[in-house]
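K.L.:
quick check, what structure comes out for this input:
(2 chains)
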Amino acid sequence: NAGVMQNPRHLVRRRGQEARLRCSPMKGHSHVYWYRQLPEEGLKFMVYLQKENIIDESGMPKERFSAEFPKEGPSILRIQQVVRGDSAAYFCASSPRDRGHGYTFGSGTRLTVV
Amino acid sequence: GDSVTQMEGPVTLSEEACLTINCTYTATGYPSLFWYVQYPGEGLQLLLKATKADDKGSNKGFEATYRKETTSFHLEKGSVQVSDSAVYFCALMGGANQFYFGTGTSLTVIP
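P.N.:
Model prediction:
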């Protein structure tokens, strides 16, 4: 029973490129959450998705960031035209029902923008 | 708004020493409180939780008591082991069912 799978573990992008982070939830989990951890800070909520629906994106930056969770395949967090300030660890979590029930976190993707 | 403040690290202890990592919170309403642990190279794992005042969460020798009067949820362990070396995050789930995390405290236990 694999846990939440995130890939890649490490991603290096030059300024202006696009970053695509993937998250496969645990089997049987239909709710996905993305969090970002900036250096020296705690994890900050970004977005909450169910299959084909964005439920809460109140933590997403207004520009360059988008997320999806298609009917088939992993959830994708996409960052366009990356800047140095996007360098962070991005964590995905999944749960079987709405938030508050059985969160399981992935190992994270560490994005470095050079 | 809701927030969590936890003790800054890093913390270095000798094996069998006592551990306390302080955590205080600010929240409207009655949040649930959590401690998560992140071992090197792994994701966050739920260590323990408490859902109401005076509840005590416990797991693997770790304990934390939900203190409403002091708005605290300090993590304690009487005798740490090398295998406890990790980063520990205090978190709360507030009224909007959204997690708020502290900045994490790195613990290193030396033999």
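
K.L.:
let me know whether the lowest-mean-pLDDT helix or strand in chain B sits next to chain A.
P.N.:
Ranking every helix and strand in chain B by mean pLDDT, DSSP states H and E puts strand B:99-101 at the bottom, with a mean of 88. Yes. On the criterion CB under 8 Å from any CB of the partner chain, strand B:99-101 is in touch with chain A at B:99, B:100, B:101. C-beta coordinates here come from the backbone N, C-alpha and C atoms, glycine included.

K.L.:
could you single out the nearest of those residues to chain A?
P.N.:
Closest approach to chain A among the residues of strand B:99-101 next to chain A (CB to the nearest CB): residue B:101, at 3.8 Å.

K.L.:
low-confidence regions, the chain specifically.
P.N.:
Let's take chain A. Chain A contains residues with pLDDT under 70 at A:1-2, A:98-102.

K.L.:
could you do chain B instead?
P.N.:
Those would be B:95-97, if you go by pLDDT under 70 across chain B.

K.L.:
so which residues on it come close to chain A?
P.N.:
B:4, B:32, B:36, B:41-46, B:89, B:91, B:93, B:97-104.

K.L.:
most neighbours among the residues of strand B:99-101 next to chain A, please name it.
P.N.:
Counting neighbours by other CB atoms under 10 Å in any protein chain shown, residue B:99 comes out on top of the residues of strand B:99-101 next to chain A with 25 neighbours.

K.L.:
so that one is in contact with residue B:92, correct?
P.N.:
Yes. Counting by CB atoms under 8 Å, residue B:99 does reach residue B:92; the two are 7.4 Å apart.

K.L.:
next, show the common contact partners of those two.
P.N.:
residue B:34 (CB atoms under 8 Å, 6 or more residues apart in numbering or on different chains).

K.L.:
related to what we said a few turns ago, PyMOL command to pick out the buried ones of the residues of chain B next to chain A?
P.N.:
In PyMOL, a selection of the buried entries from those looks like this (16 or more other CB atoms under 10 Å in any protein chain shown):
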select buried, chain B and resi 4+32+36+43+44+46+89+91+93+98+99+100+101+102+103+104
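
K.L.:
which ones among the residues of chain B next to chain A map onto helices?
P.N.:
Judged by DSSP state H, helices contain none of the residues of chain B next to chain A.

K.L.:
check contacts around the residue lying closest to residue B:16 once chain neighbours are set aside.
P.N.:
In this structure, residue B:16 finds its nearest non-sequential neighbour in residue B:79, 4.8 Å apart by CB to CB, 6 or more residues apart in numbering or on different chains. By CB under 8 Å, 6+ apart, the contact list for residue B:79 reads B:16, B:17, B:18, B:61.

K.L.:
so the third one sits against residue B:78, correct?
P.N.:
Yes. With contacts defined as CB under 8 Å, residue B:18 counts as touching residue B:78 at a distance of 5.8 Å.

K.L.:
check which residues of stretch B:17-27 are buried.
P.N.:
Here stretch B:17-27 shows B:19, B:21, B:22, B:23, B:24, B:25, B:27 as buried, counting by 16+ other CB under 10 Å.
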